[in-house]
Every structure is written in C-alpha cells, then in structure tokens.
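**Q** Next comes the sequence, and after it the predicted model I'd like to discuss.
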Amino acid sequence: MQRREFVRSAVLAAATLSTLRFVPVLARSGPTSDIPAVTADGRAVTLRGVEIRELAQALKGQLLLRGDDGYDEARLLLNPSFDKYPALVVQPTHVADVQNAVNFAREHNLLLAVKCGGHSHSGQSTCDRGMQIDLKHLRGVTIDPTAKLVSVKGGSLLGQVDRESMAMGRVTPLGTVSHTGVGGLTLGGGFGRMARRYGMAIDNLNSMDVVTADGQLRHASSSENPDLFWGLRGGSGNFGVVTNFEFKLHPMQRQVIAGKLIFPIEKARDVLSVFADYAQAAPDDLYFDPTVVLPPGGAPGVAQMEVCYSGAAKNAERVLAPIRKIGSPMSDTIKAMDYVEVQRSGDMVDARMLGTYIKGGFIATMPAELIAALVEGLKGDPRRTTAVFFQHCGGACGRVPEDATAFANRYALANMMVLSGWRHGDDPSEHIDATRRYWSTLEKFTRGFYVNDMAREATAQDINANYRGNYTRLVELKTKYDPSNLFRLNANVQPRA
C-alpha cells in the first residue's frame with residue numbers, strides 16, 4: 001500500500017483529447033481588466049488586459065482567470081491544504097500553446113508552476129498570483145509495436161499508458177497509482193511495481209520533447225541534446241515542460257500475482273522484520289512493501305504487506321514463502337490479477353477532503369534499530385491518520401551507475417515515508433509537528449530523498465545535497481537552458497550567477 005490509501009484523486013482522464021477544440025475563455029467580447037500578479041522573485045506586477053487577451057487569442061486551448069468555469073479545478077492539487085490562486089491558468093492542447101505560455105511567463109518574469117496529475121507533495125504544481133500551466137488537455141498514448149516504443153503526451157496519466165501498452169502485451173515501468181501524472185513521476189525518477197524488474201521510468205526513456213525557458217521545442221535523446229536528456233532523467237522540472245515522452249516497452253503477461261496480507265497492529269514488528277530480511281534478496285520480479293497505519297477515531301491499527309509478483313505463476317508460492325512466514329493474516333487478498341487492475345487498485349473517486357503531510361527518505365538497509373524506532377515511535381491521534389510506509393527499490397534500479405542519469409540515489413533499498421492525514425479545514429500545524437517529531441527519530445537511518453515526495457519545507461541545501469555528485473553538472477545545465485530560473489517550482493537547481 002502506498003500513499004494512494006490516504007490521498008485519493010478526482011481525475012481519471014480520457015485517453016486522448018486531441019480531437020477536441022476549445023474556445024479560449026477570453027475570446028468573449030468586451031474589455032479584459034488588468035490583473036495583479038507576482039514575479040518569480042516575489043515582486044508585484046500588473047498584467048495588462050490587452051496582453052492577456054492577446055495570449056488567449058494565440059492559444060488553441062484555454063486561458064482561465066479567477067471566476068471562470070474550470071479555474072478552481074485547475075488550481076487545486078490533490079492535497080487541499082495547498083489552496084493557491086494563480087493569476088492565469090493556461091490549459092494547452094498543442095505544443096504551440098505551451099510555447100506561448102512559456103514565452104509570456106518569461107517575458108513578464110512571472111512565477112510559473114506546471115501541473116500534470118496534481119500529486120505534488122510540496123505544493124509546487126500551483127502558485128499564488130503567477131501562471132499555472134495545467135496539462136490536463138495535453139494527453140494521449142500511441143503504441144509503435146514494431147519499434148517496441150510508446151509515445152506519451154506530456155499531460156498523460158500513467159493508467160492510460162498501462163491500458164494501451166498491456167493491450168499489446170507490453171509494459172513500461174511507471175508508478176503505482178493510475179491517476180499519477182507521467183510527467184512529474186518521470187522527471188523525478190519514476191519508481192513503480194515493475195521498476196525492480198525493468199528499471200525506473202527514466203531508465204526506459206528513449207527520448208523526450210521539451211519546451212525550454214527560451215520557448216524553443218527541443219528533442220532530447222542519447223544522440224540529440226544528450227546533455228539535456230541526461231538532466232531531464234531525474235532533474236525534476238528544472239529544464240522545461242516536457243510535451244512528449246517516448247518509452248521503451250517490454251513483453252509481459254497481463255496476469256500477475258498481487259494483493260495484500262493484513263495483520264493486527266501487534267504484528268507490525270514482524271511485518272517490518274520480514275521486509276528487512278527479504279527485500280534485498282528478493283527476485284527482481286517481486287515488488288513488496290510494508291505499511292503500518294493508525295486510523296483516526298481510535299479504530300484498531302493494522303500492519304500489512306502488499307505484493308506484486310510478475311514472474312512465472314508456477315514459482316509464486318516459492319517466491320512468496322518468506323513473506324508468508326509472518327503468520328496467519330486477518331485478510332489475504334493475494335491472487336492472480338490483471339496488471340492494469342492492480343495499477344488501479346488504489347484509485348477512488350475523490351472527495352479532496354483529506355489534508356496530508358509527508359516526510360521521507362531512502363534507506364540502504366533496515367537494521368533492528370530502525371524497526372524499533374518505527375514501531376515504538378508511531379503514535380496515533382483520534383483526529384488524524386498516522387502511517388509509515390515503504391516503496392521497494394533495488395533490483396534493476398540499483399544496477400545503473402549513479403552518474404548515468406541525474407537521479408543519483410541508486411543505492412536505495414526502499415523509500416521510507418511517514419504520513420499524517422487530517423480532515424480538510426482542521427488546523428494542520430499540530431499534525432505536521434507530530435509527523436516531524438516522529439521523523440526526527442528516523443531520519444538518521446536515511447540518506448537522500450525521493451524528489452517526488454519532497455517535503456514542502458525542503459531547503460536549497462537539502463536539494464543540492466540530494467543530487468550528490470551530479471549537482472555540479474546540473475548547475476551547468478540549468479545555466480545553459482534556464483539561466484533566469486524560470487522553472488523554479490520543483491526540486492530546484494539554481495543557475496550560476
């Protein structure tokens with residue numbers, strides 16, 4: 001079980017919207033008022049109505065202002081505790097729309113946010129008084145069965161890719177929740193249920209098309225703009241808006257062995273110990289991770305193990321035997337399942353009523369001292385959900401050299417996270433403080449963090465250190481492709497002055 005058990009999404013999109021045509025909101029008659037906005041460095045500016053109208057008329061997609069239909073849906077993220085109001089929301093349908101939006105933001109030095117699936121745990125897919133580029137209408141998936149490649153538009157959701165790829169008996173390793181945006185997931189690295197078998201999402205990229213800060217569309221691959229190709233693979237959103245990804249496809253059967261073993265909270269130490277003992281030695285085609293949850297209202301807590309085994313079904317019993325040693329569960333849902341359904345298994349229509357806060361980091365080992373700290377430090381509260389959970393790494397992910405891509409944390413056995421979830425509208429400060437206190441007892445066991453789960457308070461020093469030996473090279477790339485730091489709402493690398 002991942003964060004999908006706590007953070008539910010409203011957006012399950014159609015596969016392709018390229019045949020639709022939108023009438024720009026501002027194409028209506030009448031004057032357009034000037035709008036207060038803010039620059040990337042925090043200075044107040046005024047956007048002239050005539051310039052806003054010119055931008056709207058240049059778009060095939062929509063430009064939304066506060067009060068327009070669709071504005072609130074665009075500005076809100078899946079975590080409603082980020083309640084921000086962009087001055088402008090651009091919803092591109094074509095590459096040229098992205099270019100026009102980027103050029104407008106650069107020329108006015110606007111604070112700029114880019115949203116794909118809206119899962120940003122640091123809240124950086126939206127902004128106050130800047131421009132938000134919302135990619136919800138830039139979606140579509142095309143399979144090339146001969147070349148064994150899948151072309152994915154920049155705003156697509158990973159469920160679209162799973163569905164179209166598995167229809168051809170192929171897979172590319174993406175995440176674990178079908179409504180996750182491919183763009184944000186991939187640019188940060190891209191862990192998922194198939195990553196131990198086939199590598200991270202970035203390890204399966206063949207090429208990308210990206211609109212950089214100068215408004216130019218650049219193709220990035222191992223042979224064309226290879227420096228940019230390197231930086232995009234794990235460098236977060238630092239270098240532009242990716243309008244198309246091309247991933248390699250691998251043959252895979254539709255059925256996998258997947259499900260959960262759920263135990264009472266008293267078995268938490270046993271569940272975590274089995275993960276510690278088996279996570280490193282497990283075969284690449286087994287992904288499994290533990291979760292310990294204390295629900296609100298005093299309900300009994302649970303410890304569980306989720307598994308997804310994509311190898312030969314005849315070997316499943318042997319491969320899962322070490323996990324079965326935990327004992328008899330309260331619930332056992334492990335069975336043969338369609339992989340696309342497994343990827344959807346945590347999805348739900350969303351109520352956007354749960355505020356959340358996450359702290360996380362990579363662990364290379366899971367010693368007994370860490371297990372003790374996890375179990376003994378986990379405290380419930382009747383007003384919030386409290387959880388600790390993991391994302392199994394290693395396997396093929398760990399056999400890539402640290403400097404082969406911008407993502408440097410190849411040593412990781414798992415991504416360890418703690419989470420608080422509270423009713424939207426409640427004061428979050430006490431819940432966030434409790435999570436930070438718990439994390440302070442665990443952080444010493446970690447090294448680095450997954451930028452896709454970056455905490456909202458991460459500092460420049462934290463981010464720089466997290467890129468490890470790749471940081472200096474990233475600074476050079478940032479200086480080359482985004483010297484004014486237009487794309488700064490991400491795991492930001494600042495260009496050289």
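**A** Received it, and whenever you're ready, just let me know what you need. Since the model is a prediction, treat every value here as computed from it, not as a measurement.

**Q** which residues are contacting stretch 378-388?
**A** 5-6, 268, 291-298, 301, 354, 374, 416-423, 426, 431, 434-435, 438 (CB atoms under 8 Å, 6 or more residues apart in numbering). From N, CA and C alone the C-beta is placed, and that goes for glycine too.

**Q** Can you go through those and name the buried ones?
**A** 5-6, 268, 291-295, 301, 354, 374, 416-422, 431, 434-435, 438 (16 or more other CB atoms under 10 Å).

**Q** Filter these down to the ones in strands?
**A** Those of the buried ones among the contacts of stretch 378-388 mapping onto strands are 291-294, 354, 416-422, per DSSP state E.

**Q** how about the closest residue in space to residue 228 that isn't next to it in sequence, secondary structure?
**A** For residue 228, ignoring the flanking residues on the chain, the nearest one in space by CB to CB, 6 or more residues apart in numbering is residue 220 at 4.4 Å. Of the three states, residue 220 takes strand under DSSP: H, G, I helix; E, B strand; the rest coil.

**Q** State the distance from residue 220 to residue 141.
**A** Look at residue 220 and residue 141: by CB to CB, to the nearest Å, they are 20 Å apart.

**Q** repeat for residue 43
**A** 41 Å.

**Q** Tell me which of those two has more neighbours.
**A** The neighbour comparison of residue 43 against residue 141 (other CB atoms under 10 Å) goes to residue 141, with 23 against 10.

**Q** which phi and psi does the more buried one have?
**A** phi -130, psi 130 (degrees, to the nearest 10).

**Q** Low-confidence stretches in the stretch 201-350 of the chain?
**A** 348-350 (pLDDT under 70).

**Q** Mind jotting down where the helices sit in it?
**A** 226-232, 268-278, 316-324, 339-344 (DSSP state H, counting those that start in this stretch).

**Q** The closest residue in space to residue 186 that isn't next to it in sequence: what's it in contact with?
**A** With CB to CB, 6+ apart as the criterion, residue 186 has its nearest non-adjacent residue at 4.4 Å, and that residue is residue 201. Counting by CB under 8 Å, 6+ apart, residue 201 touches 172-175, 182, 185-186, 189-192, 195, 247.

**Q** Could you do residue 474 as well?
**A** By CB under 8 Å, 6+ apart, the contact set of residue 474 is 231, 235, 238, 406, 467, 493.

**Q** Make TSV from these and add distance to residue 102 and neighbour count to it.
**A** Listed next are the contacts of residue 474 as TSV, based on distance: CB to CB, whole Å; neighbours: other CB atoms under 10 Å:
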residue	distance to residue 102	neighbour count
231	17	26
235	17	27
238	14	25
406	21	28
467	24	23
493	18	28
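
**Q** for these, which one is nearest residue 85?
**A** Using CB to CB, residue 238 comes nearest to residue 85 of these, at 24.7 Å.

**Q** Dump the C-alpha coordinates for the helix or strand hosting residue 161 into PDB.
**A** According to DSSP states H and E, residue 161 maps onto helix 158-166. Provided in PDB are the C-alpha atoms of helix 158-166 (Å, rounded to 0.1, in the frame of the first residue of the first chain):
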ATOM      1  CA  LEU A 158       0.100   6.500 -16.200                       C
ATOM      2  CA  GLY A 159      -3.200   4.500 -16.300                       C
ATOM      3  CA  GLN A 160      -3.500   5.500 -19.900                       C
ATOM      4  CA  VAL A 161      -0.100   4.100 -20.700                       C
ATOM      5  CA  ASP A 162      -0.700   0.900 -18.800                       C
ATOM      6  CA  ARG A 163      -4.000   0.300 -20.600                       C
ATOM      7  CA  GLU A 164      -2.700   0.900 -24.100                       C
ATOM      8  CA  SER A 165       0.600  -1.000 -23.500                       C
ATOM      9  CA  MET A 166      -0.900  -4.100 -22.000                       C
END
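
**Q** after that helix, next one along is what?
**A** Trace forward from helix 158-166 with DSSP H and E and the next one is strand 170-171.

**Q** list the helices and strands that following strand packs on?
**A** Counting contacts by 3 or more CB pairs under 8 Å, 6 or more residues apart in numbering; DSSP states H and E, strand 170-171 packs against strand 250-251.

**Q** Which strands and helices lie in contact with the strand it packs on?
**A** Partner elements for strand 250-251 (3+ CB pairs under 8 Å, 6+ apart): strand 170-171.

**Q** can you list the domain ranges for this protein.
**A** Split into domains by automatic domain parsing, the chain comes to 17-134, 141-252.

**Q** centre of the chain versus the last one, how much separation?
**A** Spelled out, it's domain 141-252. Its chain's average C-alpha position is 13 Å from that of domain 141-252, according to CA atoms, centre = their mean, to the nearest Å.

**Q** same deal with stretch 73-89?
**A** Centroid separation for stretch 73-89 versus its chain: 17 Å, with CA atoms, centre = their mean.
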